[in-house]
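[1] When you get a sec, could you give me coordinates for this:
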Amino acid sequence: MTDLTTGWRALRELGPMAVWHYARYRLGLVSRGIERRTPAGEWRDYDLAAILRPGVPSDEHGYGAYRRRPDGPRFFFDGVAPAPPGQAQASPSEPILEAEDVLAGRYRLFGGPPLELGYPPDWFAFPPPLDRLPRFDSLVHWSRIPLDLPGVDVRLVWELSRFGWVFPLARAYRSTREAKYAEACWRLIEAWREANPPYRGVHWASAQEAALRLLALAFAERAFLPAWAPHSERAATLARMVAVHARRIPPTLSYARAQANNHLLSEAAGLLTAGLLYPELEGSDRWRRIGRRLLQEALASQVFEDGGYVQHSTTYHRLALAVGVWCARLAEVNGDPLSPPASRGLERLTRGLAGQIGSGTGRTASFGPDDGSNILPLASVDSADARPVVAAAARLTRREAWYPDGPWDELSAWLGLSGGRRVDAPRPASLPVAGLHFLRGSETWGALRCARFRGRPGHSDQLHVDLWWRGLPLVFDPGTFLYNATAPFEHGLSHAAVHNTPLVDGLEPMRRAGRFRWSDWAQGEVERLGGEGVAALRGSHNGYRRVGVRLRRTLALVDSVAWVVEDEALGNGSHRMTAGWNLPDAMWMWGDQGLRVDSAVGVLVVEWSAVGVRPGLVRAGEWVAGQPSEGSVQEWGWRAPRYGSIEPCLRLVLTVSGRAPLRVRTRFILERSWPASMADLWDEPDALVARLRGSAGA
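    Now for the predicted structure:
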């Protein structure tokens, strides 16, 4: 009965075509039809004569010359890309330092600090501190490798095999012309190839991973062309690798089509890239045709009208934009631009991500699942900075330059994009379909998450609030940590109980239906209000209709310098409402009605309404102040700064119990006293509501 109920929910929320495609994929696995289409073998099984079209030289020397012919397919650049203009050279030593780290066996996984993993690394080991987990070193057919072992997250193993190290080595080679960086890249490619025979082992288990690796291989061939050209055998080796990777994708496209998200975009990009850049390979016409069709369908269907992305995730929004820019630019330079609907989808996606950048740091609030994906790390900026891909996309889709000259322009230079009409990047007040709504003050900005879902959410975060001050987050999303972790993080920080959301009776507002999916969607509504000196957003959702309650949250920016949040549980009966807030792990001072946090950008004072509220403070899963209350305390007081990493933070927990309606009011004061002209908004419980209702004409 449980399976039937889950199946019905999937059919209702995902649609019949998604369920049909997933059923086809599962049938292909069970029947071993997919295994027959991707037979386990050895690299020697793929000699040039077997993978090339008739008439193409199949000896290594002849094929190397063929690949270097001047009338071949166009890439973003010929040989080493030109140096980027202006301030893009602000940190010329940074790519060299990162490349030297690679030569020393140190890799920056998920944008984090360098980790000692060896040169070449063990492709099947987990990075520290999780390096004691079981290794995925079996070389049986990829379809027979279990990827869902409890607490064993294969994404950690896959990261190195996305070949992200290609890009710092290419940047260092471009800056210095030193052959050692090109040779280091080749040694790593060869080491990976020797350890991963075709379709055997965990690194073939995901067609998306194969597609992203293919993109890096294509980039490496062009970036290191001057150094690799004398070695004709390398062109032949790369052709074999590209062919095997491209052939891995079509047999499981039904899975990607069922997901209808970044998997489909990435796999389409892999096929389109192989088809465009390697037309001499047998099957390239089909790859190009399928890749182009699926990519255009995805760009037209996965992007909301407001520019939001179907996965409700800033990380996957950036990934989708990077994939779209790669493909659109590659198609453009080869004289076959994408269709107008796909181009419009890419333009909307560009505006949507630009609108989420809230400060001069280029960072966005971290909404939704975050696996750290950054497939084009070609700029000397923080890994969370979205400006490189947005700047490149704006030049490509609108011929506009949205930001001042800076290091974020380097990606544009690699893609052969420059110039553009100077205009400011869009900063919409809301992305209403995506469910992201913004308030902006002088040095602070805030975001309220309130969506009416069309695509399936990866996190249960309705009514979540982020608050930023002077370019850094003060009240923040906890991140993701891992997709497959042990207790107490087995939910991957995806549920409402760890977000900055109100809860009723300790219940989740949506039902978890898998590692990446929630069902029984809590649907939200939002309105924008304002009065004298106050701008506000009021959102609500129906996730607690089963207990007769509707949650409502009002986020108000007062005098452009302070924040008030009012949470209400509207309905009947006796209930418990809890509001939780993730705060920086900094020096703090506790009081009867307030908390002081000495953050990196200034003093934050958090106060709460006193009547009936039970306050408590948690750090790293333990109560450290106030009154303990019911809840998932082991999961509270943690944040994931990047995928695979977790660290303590403070979590303020405010609880009120009694008969509905219930109310909790919280204010956040940024380094100064509460504005005297606004004293009544806090001292008089109904003053804020009355002012906002008056402005709405209620």
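[2] residue boundaries of the strands in the stretch 551-698 of the chain?
    562-571, 574-583, 587-590, 594-599, 602-608, 613-619, 622-626, 638-642, 645-648, 650-659, 662-670 (DSSP state E, counting those that start in this stretch).
[3] Dump those strands to CSV, plus mean pLDDT.
    Below are those laid out as CSV (pLDDT from 0 to 100):
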stretch, mean pLDDT
strand 562-571, 95
strand 574-583, 97
strand 587-590, 96
strand 594-599, 95
strand 602-608, 94
strand 613-619, 96
strand 622-626, 97
strand 638-642, 96
strand 645-648, 96
strand 650-659, 97
strand 662-670, 94
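[4] Which one of those strands lies nearest to Leu52?
    Taking Cβ to Cβ, strand 638-642 is the member of the strands of the stretch 551-698 of the chain nearest to Leu52, at 41.9 Å. (C-beta placed from N, C-alpha, C; glycine too.)
[5] still on that earlier bit, among the strands of the stretch 551-698 of the chain, which is nearest Asp137?
    Closest of those to Asp137 is strand 645-648, at 23.9 Å (criterion: Cβ to Cβ).
[6] so what secondary structure elements neighbour the closest one?
    Helices and strands touching strand 645-648, by 3 or more Cβ pairs under 8 Å, 6 or more residues apart in numbering; DSSP states H and E, are strand 638-642.
[7] Contacts for the strand it packs on, please.
    With contacts defined as Cβ atoms under 8 Å, 6 or more residues apart in numbering, strand 638-642 is touched by 110-112, 370, 372, 383, 476, 478-481, 489, 493, 498, 582, 620-621, 646-649.
[8] Strand 650-659 and that strand, what's the angle between them?
    Between strand 638-642 and strand 650-659, the angle comes out at 130 degrees (axes from the mean of the first three to the mean of the last three Cα atoms, to 10 degrees).
[9] Quick one: distance of strand 638-642 to the chain centre.
    Its chain's average C-alpha position is 14 Å from that of strand 638-642, according to Cα atoms, centre = their mean, to the nearest Å.
[10] try stretch 36-43
    Counting by Cα atoms, centre = their mean, stretch 36-43 comes out at 32 Å from the chain centroid.
[11] One more: stretch 397-416?
    Worked out by Cα atoms, centre = their mean, stretch 397-416 lies 21 Å from the chain centre.
[12] Report the separation between the two terminal residues of it.
    13 Å (Cα to Cα, to the nearest Å).
[13] And it, what's buried?
    397, 400-403, 406-416 (16 or more other Cβ atoms under 10 Å).
[14] In three-state terms, label Ala425 for me.
    coil (DSSP: H, G, I helix; E, B strand; the rest coil).
[15] what does Ala235 give?
    Going by three-state DSSP: Ala235 is helix.
[16] quick one: contacts of stretch 35-46?
    29, 140-143, 193, 197-200, 204, 240, 243-244, 247-248, 250-251.
[17] what about burial for the residues you listed, which qualify?
    141-143, 193, 197-200, 204, 240, 243-244, 247-248, 250-251.
[18] Looking at those residues, which one is closest to Pro432?
    Among those, Pro250 lies closest to Pro432 (Cβ to Cβ), at 37.1 Å.
[19] Which strands and helices lie in contact with the helix or strand containing Leu319?
    Element membership of Leu319 [criterion: DSSP states H and E] is helix 314-333. Helix 314-333 sits against helix 262-277, helix 284-301, helix 340-354, helix 387-398, with contacts defined as 3+ Cβ pairs under 8 Å, 6+ apart.
[20] could you redo the ones you listed as JSON lines and give each row mean pLDDT and distance to Val526?
    JSON lines is the format used below for the helices and strands packed on helix 314-333 (pLDDT from 0 to 100; distance: least, Cβ to Cβ, whole Å):
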{"stretch": "helix 262-277", "mean pLDDT": "98", "distance to Val526": "26"}
{"stretch": "helix 284-301", "mean pLDDT": "97", "distance to Val526": "24"}
{"stretch": "helix 340-354", "mean pLDDT": "97", "distance to Val526": "17"}
{"stretch": "helix 387-398", "mean pLDDT": "98", "distance to Val526": "25"}
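[21] hang on, the earlier thing: filter the contacts of stretch 35-46 down to just the ones in helices.
    Counting by DSSP state H, the contacts of stretch 35-46 place 29, 193, 240, 243-244, 247-248 in helices.
[22] Sort out for me which of the buried residues of stretch 397-416 are in strands.
    Of those, the ones assigned to strands by DSSP state E are 400-401.
[23] Pick the one among the buried residues of stretch 397-416 closest to Pro230.
    Once Cβ to Cβ is applied, the member of these that ends up nearest Pro230 is Trp414, at 23.9 Å.
[24] Could you tell me how far stretch 582-601 lies from the centre of the chain?
    29 Å.
[25] can you map out the strands along the stretch 51-200 of the chain?
    So, for the stretch 51-200 of the chain - with DSSP E, counting those that start in this stretch - the strands run 106-107, 115-116.
[26] Could you identify which of these is most buried?
    strand 106-107 (a mean of 20; mean count of other Cβ atoms under 10 Å).
[27] now that strand: how far from the chain's centre is it?
    In this view, strand 106-107 has its centroid 22 Å away from the chain centroid, taken as Cα atoms, centre = their mean.
[28] Not counting residues beside it along the chain, what's closest to Trp326?
    Leaving aside its sequence neighbours, Trp326 sits nearest to Ala269 (Cβ to Cβ, 6 or more residues apart in numbering; 6.1 Å).
[29] Isn't that neighbour up against Val323?
    Yes: between Ala269 and Val323 there is a contact under Cβ atoms under 8 Å: 4.8 Å.
[30] one step back: since we're on the residue nearest to Trp326, how many residues are nearby?
    Around Ala269 there are 28 other residues, counting by other Cβ atoms under 10 Å.
[31] picking that back up, which of the buried residues of stretch 397-416 lies closest to Ile34?
    Of those, the one sitting nearest to Ile34 (Cβ to Cβ) turns out to be Leu415, at 34.5 Å.
[32] how near is that closest one to Arg642?
    Distance, Leu415 to Arg642, using Cβ to Cβ, to the nearest Å: 25 Å.
[33] and if you look at Ala40?
    34 Å.
[34] Just send the helices and strands packed on helix 314-333 back as CSV, with distance to Arg44 too.
    CSV is the format used below for the helices and strands packed on helix 314-333 (distance: least, Cβ to Cβ, whole Å):
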stretch, distance to Arg44
helix 262-277, 21
helix 284-301, 22
helix 340-354, 40
helix 387-398, 39
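[35] Let me know which of those helices is the nearest to Asp71.
    helix 262-277 (13.8 Å).
[36] can you count the residues close to the residue nearest to Ser373 when sequence neighbours are not counted?
    Of all residues not flanking Ser373 in the chain, Leu319 sits nearest, at 4.5 Å (Cβ to Cβ, 6+ apart). Leu319 is flanked by 25 other residues according to other Cβ under 10 Å.
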